[in-house]
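> give the three-dimensional model of this entry:
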Amino acid sequence: MQLEVINTAAAVGTFLVIATTAIAAVIQLRHLRASNQLQGLLTALARIEDAEFNTWFTDSQEKLPALLGDPAFRRSLDDGRYDRNAPWVKLANSYDAIGNLIKNGLLPEDAFLDNSCYRVVSAWEMLVDLTAIVRRRAGSAVWENFEYVYIRSKRWMNKNPNGNYPAHEERAHVPDRYLEEDRRLREA
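Residues are numbered from 1 along each chain as shown. Below you'll find the model as predicted:
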């Protein structure tokens with residue numbers, strides 16, 4: 001009888017040790033995932049704020065509208081004969097990579113969109129004509145993850161039309177010292 005009690009106690013003890021180890025492993029995996037997501041978020045945010053990325057954005061803003069007005073440029077896009085190192089291509093590819101990470105749960109969507117949804121929307125809307133022309137030949141898979149993060153950004157903006165500032169926090173007063181002067185200049 002005493003041996004049976006000892007065996008039962010040992011089995012229960014073994015079970016408790018294994019269960020505790022499993023719970024600790026799950027907690028550790030959660031922390032590891034959160035750490036990896038934070039690192040991914042910091043890397044993505046650093047990337048879209050670096051000088052090269054901002055140059056791609058500015059160059060796309062300044063040069064792409066005129067290029068899209070040129071039938072020869074549009075034909076080169078349509079034929080798939082274009083510079084894959086052009087700033088607008090690099091910009092779209094970068095947002096496509098970010099969209100892929102978000103879609104697959106490797107980048108925390110809410111944290112990224114809270115910080116960058118307006119930039120994503122601006123970039124997509126600036127590149128939408130380029131995207132349409134490239135997709136004529138290559139199909140809708142081109143920059144589909146960029147499209148995904150754009151749609152998610154628009155949804156986030158609709159859900160948070162005034163941003164995501166905590167409702168219970170006091171806001172700082174932001175004076176608009178130049179409002180009247182700028183209004184007069186626009187009317188002149």
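
> now do T55, the pLDDT please.
T55 is assigned 95 on the pLDDT scale.

> please identify the helix or strand for it.
Taking DSSP states H and E as the criterion, T55 maps to helix 51-68.

> could you list the buried residues of that helix?
By neighbour count with 16 or more other CB atoms under 10 Å, helix 51-68 contains the buried residues F53, W56, F57, S60, L64, L67, L68. Glycine gets a C-beta too; all of them are placed from N, C-alpha and C.

> leaving out chain neighbours, which residue sits closest to the fifth one?
Spelled out, it's L64. W88 (5.3 Å; CB to CB, 6 or more residues apart in numbering).

> pretty sure that neighbour sits against W56.
Yes. Counting by CB atoms under 8 Å, W56 is a contact partner of W88 at 7.2 Å.

> can you report phi and psi for G163?
Dihedral pair for G163: phi 90, psi -170, per degrees, to the nearest 10.

> ok, back up a step: which helices and strands does the helix holding T55 pack with?
helix 87-103, helix 109-138 (3 or more CB pairs under 8 Å, 6 or more residues apart in numbering; DSSP states H and E).

> ok, so what distance separates the residue nearest to L64 from V149?
Counting by CB to CB, to the nearest Å, the gap from W88 to V149 is 17 Å.

> so between the two, which is more surrounded?
A direct count of neighbours by other CB atoms under 10 Å for W88 and V149 places V149 higher, at 30 against 23.

> give me every residue that touches the more buried one.
V149 is in contact with Y95, I98, G99, I102, K103, V120, counting by CB atoms under 8 Å, 6 or more residues apart in numbering.

> do S76 as well
Counting by CB under 8 Å, 6+ apart, S76 has contacts Y82.

> mind telling me what element it is part of?
helix 71-79.

> sorry, back to before: and which of the buried residues of helix 51-68 is nearest D83?
Nearest to D83, judged by CB to CB, of these is L67 at 10.7 Å.

> tell me what the lowest-mean-pLDDT helix or strand in the chain is packed against?
Scoring the helices and strands of the chain by mean pLDDT, DSSP states H and E places helix 2-49 at the bottom, with a mean of 74. Under the contact criterion of 3+ CB pairs under 8 Å, 6+ apart, helix 2-49 touches helix 87-103, helix 109-138.
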